[in-house]
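*Asks:* Here's my sequence, what's the structure:
(chains A and B)
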Amino acid sequence: MSDTLLGVKDLVVEFSTRRGILTAVDKVSFDLERGEVLGLVGESGAGKSITGSAIVGLIDPPGRIAAGTVHLAGQRIDNLPSEKMRRIRGDKIGMVFQDPLTSLNPLYTVAKQLVQTILTHKDISKKQARDRAIELLDKVGIPAADLRIDDYPHQFSGGMRQRVVIALALCADPELIIADEPTTALDVSVQSQIVGVLKKMCSEHGASVILITHDMGVIAEAADRVAVLYSGRMAEIGPVRDVIKHPQHPYTKGLMGSIPTITQEGDRLTQIPGSMPRLTDRPPGCAFAPRCEMAMDVCRQNHPEEKDVGTARVACHLMRKEGAVA
Amino acid sequence: MKDTLVNVENLTRIFDVSKPWLNRVIEREEKKLLLAVNGVSLEIRRGETFALVGESGSGKSTIAKMIVGLLSASQGKIDFDGIDLSQPGGAEMRALRQRYQMIFQDPFASLNPRWRVNKIIAEPLRKFDMESSESARHKRVEELLELVGMSAKDGVKFPHEFSGGQRQRIAIARALSSNPEFIVCDEPTSALDVSVQAQILNLMRDLQDELGLTYLFISHDLSIVRHMANRIGVLYLGRLVEVADGKELFRNPRHPYTKMLLNAIPDLDMTGREVARPDGEIPNPINPPSGCTFHPRCPIATEYCKREIPSARNSEAGSVACFEATGD
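*Replies:* Prediction:
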């Protein structure tokens, strides 16, 4: 596959604590094609955000990438010195965070933040940079962008602020955008607007997106493929439609059943007993085994390898080489 | 069956958000008032789950707090089982207070971190003098812990030793300890992960069947509300725009705002249903639009809607506050 933009292979992120070493991300591998939207879902503590931060090299001590490689457009980026990595982050990777207030500087106008970012990465005049900033704001759907560009972040509402952050992430025409829970702080009606803007902008700019969220609804709307993480490990990865309609891994099945939907009749939600193990006492073998109804002896002893099942890749002992066990 | 347990009439709450007096005098500013809840009337029937949905700033939590008495109402009346809650004082109020409880959103903030779980759950028992002896109280706490799916031994632990879902179970056990009839649940699962959320929602439904509870369920998530509620009230900027039976509301929404919310729900069944993106955002409640507050975002608004405020029209299916709504 020549059109792979990002390749993550056997990524391991560790944090050393007083109680020993915590493996927050344990051998996660995936590829991202150009122009593709990959969703990363999981519950809190599943390692979604850490995976995102590891890709852009923003893991702070005591955390570190203990093993594995990250390739961006053919170049290995996980072992670069910090100054080189900073250039790559600016030029090739854009980030959108959960809380738009903390990713904008409250003391500068939106114009100043956008123009400064554009000038850092592009060799154009200040006037051209400002025109480009207005054009970007207009594209992300801010009304009267030429007037509002001189406002301060606090003068925007939450949804509008998140649009500004998206514009900011697109300033340098990045190839990859990592959006970490971009809609979590927003209201339902605004949430779907932002998902729409993100999707439109990325396809127009030809950027690939890693969309990190705990909300399957957002994934269903925006992503092409989805990776389900559980306790720092990949449980299942595959095309969105297949994973949502025909989940293979017992955890994904439970997860999908536990989400109430508006078309669903019936009284009870499927529930997964218990909760995700703490990273300090992850069981030997499959991390999901203690909560899994179909767990076998082998599940409690050996960590399952990832296997191709149809269009998806699933890490579960129940999966045989050919197809799934119903 | 129409046995009203809680009846709320014309409930209004105004918050004073003005600057301090001296600033107002110097800067020659008027007082600023925020109308958080504006003339809301609703009734909750015995044994049902009534849900309030709305976006942030729509007044959901303010209504909940007024009903349990954590905030006083600026205007309007709340009747609980036929008794006006603003009237009784002292002993009568204490007896009444025992009959309704609240579950809060954030189980990390609603449990005292320095108390053991036993003491937390037993607090209502002590306050209302419900069990005579210490050992009887202890026994009751153990029963409650098992009722919410925890172990009786968990009572000696502190809240920090539990996960979010378990803490919410403790909060539910505490709410149940005084044998209430009515529980106000303010976004009880929004701080929890989906798989844990399903456990808590199932638990709440089981408890309702077992103990005959009535719930006021507050949420911003329509799919959860669909799952939990018998009847649903939709709030927009402090006004109740539509009240209908749960199924009816989803099958046949009448207010344009309800339609907009329903269209914005992500298509998780992958049916290929077109997800319509709503226009605009909820306006600032300090400066609400004139007339019907929804008119700037409404696809069917007329000139009339910009001037006049629609009042709720009742029909068999429920009530709707809109001039243009069809379907009665």
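*Asks:* outside of the helix or strand of chain B with the lowest mean pLDDT, which residues touch it?
*Replies:* When each helix and strand of chain B is scored by mean pLDDT, DSSP states H and E, strand B:313-315 comes last, with a mean of 81. Strand B:313-315 is contacted by residues B:319-321, B:325, B:328 when judged by C-beta atoms under 8 Å, 6 or more residues apart in numbering or on different chains. Every residue, glycine included, has its C-beta placed from N, CA and C.
*Asks:* repeat that for 10 Å
*Replies:* Strand B:313-315 has contacts (C-beta atoms under 10 Å, 6 or more residues apart in numbering or on different chains) with B:243-244, B:254, B:319-323, B:325, B:327-328.
*Asks:* For chain A, state which of these is nearest.
*Replies:* residue B:244 (14.3 Å; C-beta to the nearest C-beta).
*Asks:* Could you pull up phi and psi at residue A:21?
*Replies:* phi -90, psi 130 (degrees, to the nearest 10).
*Asks:* Run a quick neighbour tally on it.
*Replies:* Neighbour count for residue A:21, taken as other C-beta atoms under 10 Å in any protein chain shown: 12.
*Asks:* in the sheet, who's paired with it?
*Replies:* Partner residues in beta bridges with residue A:21, using DSSP bridges, are residue A:16.
*Asks:* just residue B:33 next, same as before
*Replies:* Following DSSP bridges, residue B:33 is listed with bridge partners residue B:16.
*Asks:* Who are the contact partners of it?
*Replies:* By C-beta under 10 Å, 6+ apart, the residues touching residue B:33 are B:14-18, B:74, B:286.
*Asks:* Let's see that with 8 Å instead.
*Replies:* So residue B:33 contacts B:14-18 (C-beta under 8 Å, 6+ apart).
*Asks:* Mind telling me the two of the residues you listed farthest from one another?
*Replies:* The largest separation in the contacts of residue B:33, counting by C-beta to C-beta, is between B:14 and B:18 at 11.5 Å.
*Asks:* Which residues does stretch A:52-64 contact?
*Replies:* A:6, A:8, A:11, A:13-17, A:24-25, A:40, A:50, A:65, A:70, A:77-78, A:80, A:82, A:85, A:89, A:93, A:95, A:178, A:180, A:210, A:212.
*Asks:* ChimeraX command for the buried members of these?
*Replies:* Provided next is the ChimeraX selection string for whichever of the contacts of stretch A:52-64 are buried by 16 or more other C-beta atoms under 10 Å in any protein chain shown:
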select /A:6,8,11,13,14,15,24,25,40,50,65,70,77,78,85,89,93,95,178,180,210,212
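*Asks:* number of nearby residues for residue B:151?
*Replies:* 10.
*Asks:* right, I mislabeled it, should have said residue A:126
*Replies:* Considering only other C-beta under 10 Å, residue A:126 is surrounded by 11 other residues.
*Asks:* isn't it right up against residue A:115?
*Replies:* Yes - if you go by C-beta atoms under 8 Å, residue A:126 and residue A:115 touch, sitting 6.6 Å apart.
*Asks:* ok so, going back, each with direction, which strands does the least confident helix or strand of chain B pair with?
*Replies:* Strand B:313-315 is paired, per DSSP bridges, with strand B:318-320 (antiparallel).
*Asks:* before we move on, back to that, any chance of the contacts of residue B:33 in a markdown table with pLDDT as columns?
*Replies:* Supplementary listing: the contacts of residue B:33 in a markdown table, determined by pLDDT from 0 to 100:
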| residue | pLDDT |
| --- | --- |
| B:14 | 90 |
| B:15 | 88 |
| B:16 | 86 |
| B:17 | 82 |
| B:18 | 82 |
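*Asks:* Just the buried ones among the residues you listed, please.
*Replies:* Buried among the contacts of residue B:33 by 16+ other C-beta under 10 Å: residue B:15.
*Asks:* Tell me the bridge partners for residue A:93.
*Replies:* Beta-bridge partners recorded for residue A:93 (DSSP bridges): residue A:176.
*Asks:* contacting residues for it?
*Replies:* Neighbours of residue A:93 in contact, by C-beta under 8 Å, 6+ apart: A:55-56, A:72, A:174-178.
*Asks:* Closest one of these to residue B:224?
*Replies:* For those, the nearest to residue B:224 is residue A:178 (28.9 Å; C-beta to C-beta).
*Asks:* What mean pLDDT does whichever strand or helix holds the closest one get?
*Replies:* Per DSSP states H and E, residue A:178 falls inside strand A:176-180. Averaging pLDDT along strand A:176-180 yields 91.
*Asks:* Now for residue 161, how many residues are close by?
*Replies:* As the question left the chain open, I've gone with chain A. 21.
*Asks:* other chain: chain B
*Replies:* Neighbour tally, residue B:161, other C-beta under 10 Å: 11.
*Asks:* Then residue B:96?
*Replies:* 15.
*Asks:* Tell me where the stretch 101-250 of chain A has strands.
*Replies:* A:176-180, A:208-213, A:225-230, A:233-239 (DSSP state E, counting those that start in this stretch).
*Asks:* Out of the ones you listed, the one nearest residue B:250 is which?
*Replies:* Nearest of the strands of the stretch 101-250 of chain A (C-beta to C-beta): strand A:208-213, 24.5 Å.
*Asks:* May I have the strands that pair with that closest one, each with its orientation?
*Replies:* Take DSSP bridges as the rule and strand A:208-213 pairs in its sheet with strand A:37-41 (parallel), strand A:176-180 (parallel).
*Asks:* Could you list the residues in contact with the strand holding residue A:178?
*Replies:* A:5-6, A:32, A:48-49, A:52, A:55-56, A:72, A:92-98, A:169-170, A:198, A:202, A:207-212.
*Asks:* sorry, back to before: I'd like the contacts of residue A:93 written out as JSON lines, with distance to residue A:273 added.
*Replies:* As requested, the contacts of residue A:93 are exported to JSON lines (distance: C-beta to C-beta, whole Å):
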{"residue": "A:55", "distance to residue A:273": "33"}
{"residue": "A:56", "distance to residue A:273": "36"}
{"residue": "A:72", "distance to residue A:273": "40"}
{"residue": "A:174", "distance to residue A:273": "42"}
{"residue": "A:175", "distance to residue A:273": "43"}
{"residue": "A:176", "distance to residue A:273": "38"}
{"residue": "A:177", "distance to residue A:273": "37"}
{"residue": "A:178", "distance to residue A:273": "33"}
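*Asks:* distance of the spatially most central residue of chain A from residue B:52?
*Replies:* The centroid of chain A falls nearest to residue A:212 when counting by C-alpha atoms, centre = their mean (2.6 Å). Between residue A:212 and residue B:52 the computed distance is 31 Å (C-beta to C-beta, to the nearest Å).
*Asks:* What of residue B:241?
*Replies:* From residue B:241 to residue B:52 the distance is 11 Å (C-beta to C-beta).
*Asks:* residues shared between the contacts of these two?
*Replies:* Residues touching both residue B:241 and residue B:52 by C-beta under 8 Å, 6+ apart: residue B:235.
*Asks:* can you map out the helices along the chain?
*Replies:* Defaulting to chain A. Counting by DSSP state H, chain A has helices at residues A:48-55, A:82-92, A:100-103, A:110-121, A:126-139, A:145-148, A:158-170, A:188-205, A:216-222, A:240-245, A:250-257, A:297-301.
*Asks:* should've been chain B
*Replies:* For chain B, the helices defined by DSSP H cover B:21-27, B:60-68, B:90-97, B:117-127, B:134-147, B:164-176, B:194-211, B:222-228, B:246-251, B:256-263, B:303-307.
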